[in-house]
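J.: here is my input; please provide its structure:
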Amino acid sequence: MKKFLALLTLMILLSLNTTNVFAENSFLDTSNIENGIIGVTYQGETGIRYKVIISKGSEKYYYDYLGPETAVYPLQLGNGKYEIFLLKNLSGTKYTVVNSETVHINISNENVVYLQSIQNIHFKPDMRVILKAFELSEGLDNNKDKMEAIYQYIFSGISYDYKKTLTWDKPYIPKIEDIDTTEKGICYDYASLFAAMLRTQGIPAKLVKGYSDNIDGYHAWNEVYIDGNWVSMDICYDVTTNSVEEEMIKDNSQYHSERYY
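T.: Here you go, the predicted model:
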């Protein structure tokens, strides 16, 4: 994965210096930038792979853009200047810049970004599983109780999908409705579903990717903002090990994040 990103970055830098084909109209929707999110819309060519890069300082996040509908991405690297690039695949790992824009954000509560619907945590108010989140939270007075109720729903209802495999040449983005309907998922699915249900209840939640001392290989889990602190939760691990409820909040030191959304 690191070798792939390094090669992709190199090809992008070459493209930035050589080939820039800018569209006449903006590809960026900044109408919700005060909530820490931007939208990308582009009518691309069928069968061509597109990517979005969101860059702030030395940090870069890479996303697939599947289009042609608007895809929403977070600006989760704090206040300041961001550069947004839309890239088109030429061949192999070589991409060229289709368009780029610079935006600035300055929001008082940077946790607001972790309440939004974005590409890999996509939800709408009328989705069945989101209505379920409201049902589970009804009558509960605090966020910790709501979090535990939603945790138990996913822990009890979603089993690990051992047959699902992911490859880097085939983009995969979780769909929370499908996860809830099939009642199966992998770590990425668990983290997306949990974050979506919590966010609709006003509880900031991150989808985190990286490594855990308890798991071999790349992994996804959640960080949830409860009582003024971010706590780590890993429903996928709990399901596959049949852990009990008392262990739902993990030791943060055992989780090592590389990307968060």
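J.: please make it C-alpha for all contacts and neighbour counts, starting now.
T.: Will do.
J.: those strands in the stretch 151-261 of the chain, which residues are they?
T.: In the stretch 151-261 of the chain, the strands defined using DSSP state E, counting those that start in this stretch lie at 159-160, 184-185, 205-212, 219-226, 229-233, 249-250, 255-260.
J.: wait, which of those is closest to residue 48?
T.: For residue 48, the closest of the strands of the stretch 151-261 of the chain is strand 255-260, at 25.9 Å, according to CA to CA.
J.: circling back: got TSV for the strands of the stretch 151-261 of the chain, with mean pLDDT too?
T.: Listed next are those as TSV, based on pLDDT from 0 to 100:
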stretch	mean pLDDT
strand 159-160	94
strand 184-185	95
strand 205-212	97
strand 219-226	97
strand 229-233	97
strand 249-250	94
strand 255-260	97
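J.: switch those strands over to JSON lines; also include mean neighbour count and distance to residue 148.
T.: As requested, those are arranged in JSON lines below (neighbours: other CA atoms under 10 Å; distance: least, CA to CA, whole Å):
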{"stretch": "strand 159-160", "mean neighbour count": "18", "distance to residue 148": "18"}
{"stretch": "strand 184-185", "mean neighbour count": "21", "distance to residue 148": "20"}
{"stretch": "strand 205-212", "mean neighbour count": "22", "distance to residue 148": "13"}
{"stretch": "strand 219-226", "mean neighbour count": "23", "distance to residue 148": "11"}
{"stretch": "strand 229-233", "mean neighbour count": "17", "distance to residue 148": "11"}
{"stretch": "strand 249-250", "mean neighbour count": "14", "distance to residue 148": "10"}
{"stretch": "strand 255-260", "mean neighbour count": "16", "distance to residue 148": "20"}
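J.: of all those strands, which lies closest to residue 65?
T.: When these are compared by CA to CA, strand 255-260 sits nearest residue 65, at 17.8 Å.
J.: okay, now the sheet partners of that closest one, with direction.
T.: Strand pairing for strand 255-260, determined by DSSP bridges: strand 205-212 (antiparallel).
J.: got a list of contacts for the partner strand?
T.: 114-115, 191-192, 195, 198-199, 217-225, 254-261 (CA atoms under 8 Å, 6 or more residues apart in numbering).
J.: hmm, back to that, of all the strands of the stretch 151-261 of the chain, which lies closest to residue 34?
T.: Per CA to CA, nearest to residue 34 of the strands of the stretch 151-261 of the chain: strand 205-212, 17.9 Å.
J.: now do the closest one and strand 219-226, the angle between them.
T.: Put simply, strand 205-212 runs at 140 degrees to strand 219-226, going by axes from the mean of the first three to the mean of the last three CA atoms, to 10 degrees.
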